[in-house]
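Engineer: Just need the structure, nothing else, for what follows:
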Amino acid sequence: MRVRHFQKTALSIAAAQTVLLLCGAAQAQTQPASEKVETVVVTGQRAALQSAQKIKQEADEIVDSIVAEDIGKLPDRSVTEVLQRVVGVTMDRTAARSDPVHYSVEGSGVIIRGLTYVSAQLNGRETFSANNGRGLGFEDVPPELMSRVDVYKNPSAEQTEGAIAGLVDLRTALPFDYKGFKGAVSLSTTYSDLQGKFKPEVSGLIANSWDTEFGKFGVLLDVAHSEGTSRTDTVTVDPYYPTTTTADGKTIPTADGHWFPRDLSWRRQEYDRTRDGAYAALQWKKNDMESSLTYFQSRYKFDMREWAVKAEVDPYSILIEDAVYDDAGRLVKGVLKSNADGIEVENNTRFSSRTSQSEDWAWNFRWKPSAEWTLTSDLQYVTSKTHALDSNVATGILMPKQTIDLTGSIPKASFDTSDTEFLNNRDNYYWATTMEHLDKGEATQKAWRGDARYQFQDNPYLVDLRFGVRLADRDALTQNSNPNYNWAAVSKAWERYWYVNDLAWVKNYSEATQYNPFSNFMGGMGAVPGMYFPGASVVNGFPASYVSLHDHVKSLCTGWAWGGDDHCGWMGANANPYTWAPAGLGDPIGTNDQHERTTSGYTQLRFAFDELAMPVDGNVGLRVVHTEGHANGYTTLTAATPPTGAGGETVPVFTSFAKAESFDNSYTDVLPSLNLRMKATNALQFRFAAAKAISRPDLSQMQGYLDLKENVDIDNTDPNNPVVRSVTFTGTAGGNPMLKPVRSTQEDVTAEWYFAKTGSLTFAVFNKDLKDIIVNQTYTRTVNADDGTPYDFVITAPVNGAKGHARGIELAYQQYYDNLPDWLQGLGLQANYTYVDSKMKRYNAVYSPYCSAGAGADNLNLFINGCDTDGRTFGDTPLPNLSRNTFNLAVLYDKGPISARVAYSWREKYLQGVSLNSDNTGPNQQNGLDTNTASSGYGSHGLPLGLPLWGDSYGQVDAGIQYRFDDNLTFALEGRNLTNSMYKQLMQQHIGMLGHNYFTSGRSYTASLRYSF
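Structural biologist: Numbering: from 1, shown residues only. The predicted structure is shown next:
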C-alpha cells in the first residue's frame, strides 16, 4: 500500500500539534517518497482523524501512530510522553528502571503491552544510544524533528527483527514530501511552577525542490534547540521494623506485634536538560531512479542537583514516645529518638551530569528497471557517545528527635524549637561520606540492506513479492568506574571512640557548606527544617576535594589510644585515609567490550482475494537471521590455600590467575509471519496476525567479566589439627556473553468498525508466549585443576531461565458528535483502554521462606523473592513494569480557528522490581532481623533487605488550546499536570502495602507561536 503523508495540520494542543492515529502499516523511509507518499492536505483536527481512520482501515499490519504538524511539533516535551498516548503503551516515570528513587517529569522509557522488549528505529533503520545498551534512550531524541512516530504491534517479515513487545519507528520528512518551497519556525517558552523558571525552545524547518534537466532535486534542513527544567520534592518513609525485645541473648519481635519506621526523610532534586538536534536531507529523482542522503544528529545534556536528608541510624536503637498504632499494629504517630547520641542523619549534596551525542548517516538508492521490478539499496552508519560523572558528598548530624505523622495524604515530620535551633547550628555538623561514579560509552553500527520487489501484473490474487538481505556490524564499549559507586566514610557516628577519637566537624575545616531552607517544600503541602549540606565547590571539586576530606581522618585516628597509626587501617580500604583512592575507568571489572554481526534475509508475499463474498488480503513472510557475538572480557581465579597438614576433604590444587579472555556466541532464528484482513462490509473488518519474534539480550547483560573462587571451610576446633570440612567452587559474573535471545510466538486478532467519517471503534486481543526469558540464576563453568581434573564452578549471572506469557485486550474509540446543537458542534472524544495479564515461570525455581545473610549476586533468594525486615521472603511476585489496566481519555473541540483538548492518562499500580538499589528498601540496608528459629543467626539483625517496590496508580491531566489566525500563524497555550498529581511508590511488607516515596513536581505551562510559509 501507499502511505499517506499528512502535511499541514491545525490541531489542538495535546492533539493540537499532533493527532493520535490508529494507523496502517507505514513503509520505512528506505523507500523513496515519490513511491510511498500520497499527499493529503489536512486543515483541521477533524479532517486528520478522518484520514487516520482510512489509513488504519487500509493497513497491511497493526500499527498505531502519532503524526506531527508540518514543522514537526509533537504534543509533549519528550518522545516518551508522546508514546504514552498510544493504546497499549505506558511510560516509566522514574529516572531509570534501575534507579526508582528519582522521578522523571519527561519519562525514561516505554512498555508496550506489558513488556519491555521494545525495539527502536529511525526511518525504518535500527538505532540506539551508547548508554542504553541495545536500545534507544528516547530522552536523547528531539521530538521537534519528528514528523511521525509509529508503533508496530506485530511486525512483518520485511522489518528488522528485535521487537517482541513492539517496534517504535521515529520518522522524519524528506524534501519531496512538500510541494516546492516550505518554511516554518516555532518559538516557545515553558514555565515550571515548582521550579519557578522559564526555559526556551526554538525549532525551524526549510525545504525546497527544483525540476532540472538532470532530474528533480530537493533539500531539507530541520533544527531544534530545547531547554527544560523541573524540580521534584520527595518525602520518604523508611521500611517498617518490628518492635523487639531481648531474651536469652536473642533479639525477637515483641508479642504486641507493633511495627515502626525508623525515620522519615526528604529530598529536593533540580533537573536541567538541553537537547539539540539537526536533520538534513538531500533527495534526487530522475525517471526510474531515485536517491536520498540523510543526516540526523542529537545532543543531550542533563545536570541534576540534589539535596537529600537520609537517616543512617540502627533501627534497633530507636526509642518511640507517644506512640499511636493503627489496627494492624503499624505506627501512625509518634516521637522517634535514639538510645545513642542521636539519630544519625546524612545530608547529601549530589551533582550528576551526563552528555550524549548520536549521529546517523543514511544513503538510499532505488531503481525501477521495469514495471514489475523495484530494487533498493540502503546504507547506514550510526555512532553514539556518552560520558557521565556522579558526585555525592554528605555532612552528618546527630538529630535529637523527630516527630512523625503518617495519617495524612503526605507524611509529615515536625520539630520543636530546640530541635530547629540544633539543626540550624552549623557547628553541629560533621563531614560524613563521599561517593563517586564515572562512566563512558561509545557504540557504532554499519548496516547495509538490499531489497527487491516484484509486482505481479494482471494477477487476480497476487500483489507483489518482496525479498532482501541485511548485513550489520555493531561495536560497543562501555566503561564503568571501579568501584562502580565508590562509597567511603569520612567520619561516622559508629566510628567515634572506636576508629577515630572524634568526628570531622565542619567548623574545624575550610571546605564550604551550604544552608538549604527547603522553602515551599512539596509545593507548600509539607514543611521540613532547613539544614547544612556540602557546598557546590566540594561536590563539583572531585577528585581534589575528596582527597582533602579523606585527609582529615588522619588527624582523627593517628595516635589514637586504641592503636595509633595502625588502627587507622582497621577502617577498611574504602575508608582508610592512607589507601583511599578515587574511582577510575579502565579496570576490566568495569569494562564491557561487545562486537556483534547479524546476517538476515527475508521473503514476503502480498496477496488479495477481492472477489470473495468477504474479501481477504494480507501478507505471509519468512525472515531468517544469524547472529554472531564476540565479547572481550577478563577472568580471574582465586585458589584456596588450606593450612599445612590439614585433614578432611582433599583440596584440589589450582594456580590463581587473572587473564584477558574472549567469548564467542552464535545462533540462528527462523521467524515466520502472517497478516490477514477480512472485510465484512465497507465499514467492518477483521484482522489476524501471527508471528515468531526475538529480542536479543541487552549488551549490558553480556559483559565477559568472570570472578572464580575456590572456597575452603576449615574446622579449627583443634588449632593443631585443622580439618577441611568442605570445598566449594563458586563465581560471580558481570554478565553472560553466551546468552540467547528471548523468543516469542505471538498472535493478534482485531475487529474494526468505522461507523462514521470521524468515528471508529476498534478492539484487539493479543497473546505473546515467551521462552528463554533472561533472569539472574546459576550456571556452571568447568575449569581444570593443575592435575587436569575438571571441576564445575557454580556461577551467578543472567541466564535464559524462564518462560511466560503476556496477553490482553485493547479497545480504542474516537468520534465527533455532529448531531449536537449548533453551539456544541465541534466536540469530540478519543478514548483507549488496555488490559494486560502476564506470568513468568522459572525453569529452576528459587525459593526459601526465610532470608539468608549476604547481599552478593549469589543470594538468589534475596534478589528473586525479596526479604522483609523480619527476615521473611515474599515468594511469588508478578512480572515487573506491568500495569494490568491503563487508559487514555481526551475531550476534543475543533471549530473554526479554535482547537482544544483536555487529556487524561492513567495507569494502574505495577511492580517496579524486587531488591532494587533504592535508598532504604534494597540490599544496601543489611539490618533485617533473623526470625528463623532454625537459623544459627536467629535473633541477629544483619540480614539484607529486598522489599518489592511498586509504582502506585497514577493519572495526569494535560490540556491546551490553539488559535489559528490564518493558514500561516498559530498561537498555542499548553498546561501539563494541571491537577498537580503526586506520584507515589509503595513498599510491600508482610504487614501491608505501605507508602514509601511521595514525589511532587508541580505543574508546567508552555506558550508557543508558530509561523509557516
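Engineer: CA atoms for contacts and neighbours, from now on please.
Structural biologist: Noted.
Engineer: quick one: the helices in this protein?
Structural biologist: Assigned by DSSP state H, the helices in the chain fall at 33-36, 45-58, 79-83, 417-423, 536-539, 544-557, 564-568, 860-865.
Engineer: what would those helices look like in CSV with mean neighbour count and distance to Gln297?
Structural biologist: Shown next, in CSV, are these (neighbours: other C-alpha atoms under 10 Å; distance: least, C-alpha to C-alpha, whole Å):
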stretch, mean neighbour count, distance to Gln297
helix 33-36, 17, 21
helix 45-58, 22, 29
helix 79-83, 24, 16
helix 417-423, 14, 49
helix 536-539, 19, 32
helix 544-557, 19, 35
helix 564-568, 16, 52
helix 860-865, 25, 39
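Engineer: between these, which one is nearest to Ala493?
Structural biologist: helix 544-557 (13.0 Å; C-alpha to C-alpha).
Engineer: now that closest one, how far from the centre of its chain.
Structural biologist: 37 Å (C-alpha atoms, centre = their mean, to the nearest Å).
Engineer: again with stretch 188-200
Structural biologist: 25 Å.
Engineer: For stretch 281-298, buried residues please.
Structural biologist: Of the residues in stretch 281-298, those with enough neighbours to count as buried (16 or more other C-alpha atoms under 10 Å) are 281-285, 289-298.
Engineer: what distance separates the start and the end of it?
Structural biologist: With C-alpha to C-alpha, to the nearest Å as the measure, stretch 281-298 spans 15 Å from end to end.
Engineer: List of residues touching that stretch?
Structural biologist: The contact list for stretch 281-298 (C-alpha atoms under 8 Å, 6 or more residues apart in numbering) reads 32, 140-142, 174-176, 214-221, 275-280, 357-369.
Engineer: per-residue confidence at Asn881?
Structural biologist: We note a pLDDT of 88 for Asn881 in this prediction.
Engineer: tally of neighbours for it?
Structural biologist: 22 (other C-alpha atoms under 10 Å).
Engineer: residue contacts, it?
Structural biologist: Contacts of Asn881 (C-alpha under 8 Å, 6+ apart): Ile111, Gly114, Leu115, Thr116, Tyr910, Leu911, Gln912, Gly913.
Engineer: do you know how far Arg496 is from Thr513?
Structural biologist: From Arg496 to Thr513 the distance is 22 Å (C-alpha to C-alpha).
Engineer: Next up, the contacts around Trp487.
Structural biologist: So Trp487 contacts Thr433, Thr434, Met435, Glu436, Asn574 (C-alpha under 8 Å, 6+ apart).
Engineer: Can you measure across stretch 115-127, start residue to end residue?
Structural biologist: 19 Å.
Engineer: got the contact list for it?
Structural biologist: 27-30, 110-112, 128, 135-136, 159-160, 162-172, 380, 382, 695, 806, 881-882.
Engineer: and which of the contacts of Asn881 is nearest to Arg148?
Structural biologist: Closest to Arg148, out of all of the contacts of Asn881 and judged by C-alpha to C-alpha, is Ile111, at 19.0 Å.
Engineer: Could you report the pLDDT at the nearest residue to that closest one once chain neighbours are set aside?
Structural biologist: Excluding its sequence neighbours, the residue lying closest to Ile111 (C-alpha to C-alpha, 6 or more residues apart in numbering) is Thr90, at 5.3 Å. The confidence metric pLDDT takes the value 90 at Thr90.
Engineer: what's around Thr90, how many residues?
Structural biologist: So Thr90, with other C-alpha under 10 Å, has 28 neighbours.
Engineer: Sort out for me which of the contacts of Asn881 are in strands.
Structural biologist: Ile111, Tyr910, Leu911, Gln912, Gly913 (DSSP state E).
Engineer: right, and the fourth one touches Trp950 too?
Structural biologist: Right, the one you point to is Gln912. Yes: counting by C-alpha atoms under 8 Å, Trp950 is a contact partner of Gln912 at 5.1 Å.
Engineer: Near Ser656, how many other residues are there?
Structural biologist: 13.
Engineer: Is it correct that it is in contact with Asp707?
Structural biologist: No: taking contacts as C-alpha under 8 Å, Ser656 lies outside contact range of Asp707: 11.1 Å.
Engineer: list residues touching both of these two?
Structural biologist: Joint contacts of Ser656 and Asp707 (C-alpha under 8 Å, 6+ apart) are Thr636, Leu637.
Engineer: what's the span of stretch 308-318, first residue to last?
Structural biologist: End to end - C-alpha to C-alpha - stretch 308-318 spans 21 Å.
Engineer: quick one: buried residues of it?
Structural biologist: Ala308, Val309, Lys310, Ala311, Glu312, Val313, Asp314, Pro315, Tyr316, Ile318.
Engineer: Which of the residues you listed fall in strands?
Structural biologist: Ala308, Val309, Lys310, Ala311, Ile318.
Engineer: Same drill for Arg496 and Thr513, tell me which one is more crowded.
Structural biologist: Taking neighbours as other C-alpha under 10 Å, Arg496 and Thr513 compare with Thr513 leading, 20 against 15.
Engineer: ok, so what distance separates that one from Gln830?
Structural biologist: Relative to Gln830, and taking C-alpha to C-alpha, Thr513 is found at 53 Å.
Engineer: Same check on Phe688?
Structural biologist: 24 Å.
Engineer: Strands along the stretch 51-200 of the chain, start to end?
Structural biologist: Counting by DSSP state E, counting those that start in this stretch, the stretch 51-200 of the chain has strands at residues 63-68, 89-92, 94-96, 99-103, 109-112, 118-122, 125-126, 148-152, 166-171, 182-192, 197-212.
Engineer: could you redo the ones you listed as TSV and give each row distance to Asn508?
Structural biologist: Putting the strands of the stretch 51-200 of the chain into TSV (distance: least, C-alpha to C-alpha, whole Å) gives the following:
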stretch	distance to Asn508
strand 63-68	59
strand 89-92	45
strand 94-96	37
strand 99-103	34
strand 109-112	46
strand 118-122	54
strand 125-126	57
strand 148-152	58
strand 166-171	56
strand 182-192	40
strand 197-212	37
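Engineer: Please identify which of the ones you listed is closest to Met678.
Structural biologist: Met678 sits nearest to strand 63-68 of all those, at 16.7 Å, using C-alpha to C-alpha.
Engineer: Direction included, what does the closest one pair up with?
Structural biologist: Counting by DSSP bridges, the strands paired with strand 63-68 are strand 18-21 (antiparallel), strand 148-152 (antiparallel).
Engineer: Could you quantify the relative orientation of it and strand 166-171 as an angle?
Structural biologist: Between strand 63-68 and strand 166-171, the angle comes out at 30 degrees (axes from the mean of the first three to the mean of the last three C-alpha atoms, to 10 degrees).
Engineer: avg pLDDT for stretch 729-746?
Structural biologist: 94.
Engineer: so what's Val393 bridging to?
Structural biologist: Thr349, Thr434.
Engineer: which residues sit in contact with it?
Structural biologist: Counting by C-alpha under 8 Å, 6+ apart, the residues that Val393 touches are Asn348, Thr349, Arg350, Ala432, Thr433, Thr434, Met435, Pro534, Val538, Val539.
Engineer: wait, doesn't the last one sit right on Phe351?
Structural biologist: Yes: using C-alpha under 8 Å, Val539 makes contact with Phe351 at a distance of 6.7 Å.
Engineer: Overlap of the contact sets of those two?
Structural biologist: Ser391, Asn392.
Engineer: In stretch 352-366, which of the residues would be classed as buried?
Structural biologist: For stretch 352-366, by 16+ other C-alpha under 10 Å, it's 352-366.
Engineer: With stretch 687-696 instead?
Structural biologist: In stretch 687-696, counting by 16+ other C-alpha under 10 Å, buried: Arg687, Phe688, Ala689, Ala690, Ala691, Lys692, Ala693, Ile694, Ser695, Arg696.
Engineer: Fine, thanks again, bye for now.
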